[in-house]
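Participant: coordinates only, no sequence provided:
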């Protein structure tokens, strides 16, 4: 990957939004909800505290997470849509 997140940031590949409703209606791109679930592709070293200590990240590469709906910054790298988030924007880790 060409991106390395800094601090307590992580790079997430959002999972695809539902293309069809439960009733079988196909949704156009404009009507789909923004995804809130994704796979972690890269993580930073952790949050730097004022006393100089680094708090380790709770998420790891490969985790599937839920994140805040309007959290993070969307970027496009090599034609792939990605989201750069702070660890604070992560709501939950999906346990397998």
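Facilitator: Sure, I can see it. These figures come from a predicted structure and were not determined experimentally. Residues are numbered from 1 along each chain as shown.

Participant: may I ask you to confirm that residue 47 is in contact with residue 7?
Facilitator: Yes - contact criterion Cβ atoms under 8 Å: residue 47 and residue 7 qualify, at 6.2 Å. In this view, the C-beta of every residue, glycine as well, is placed from N, C-alpha and C.

Participant: name the residues contacting each of the two.
Facilitator: Counting by Cβ atoms under 8 Å, 6 or more residues apart in numbering, residue 47 and residue 7 have no shared contacts at all.

Participant: from residue 9, how far out is residue 75?
Facilitator: 12 Å (Cβ to Cβ, to the nearest Å).

Participant: what residues do these two have in common as contacts?
Facilitator: Both residue 75 and residue 9 are contacted by residue 84, under the criterion Cβ under 8 Å, 6+ apart.

Participant: pLDDT score for the residue nearest the centre of the chain?
Facilitator: What sits nearest the mean C-alpha location of the chain, by Cα atoms, centre = their mean, is residue 12, with 3.4 Å. Per-residue pLDDT puts residue 12 at 95.

Participant: before we move on, what about the one 5 residues further on?
Facilitator: For residue 17, the model assigns a pLDDT of 63.

Participant: the closest residue in space to residue 16 that isn't next to it in sequence and residue 44: what is the separation?
Facilitator: Nearest residue to residue 16 in three dimensions, chain neighbours excluded: residue 35, at 6.9 Å (Cβ to Cβ, 6 or more residues apart in numbering). For residue 35, the distance to residue 44 equals 22 Å [Cβ to Cβ].
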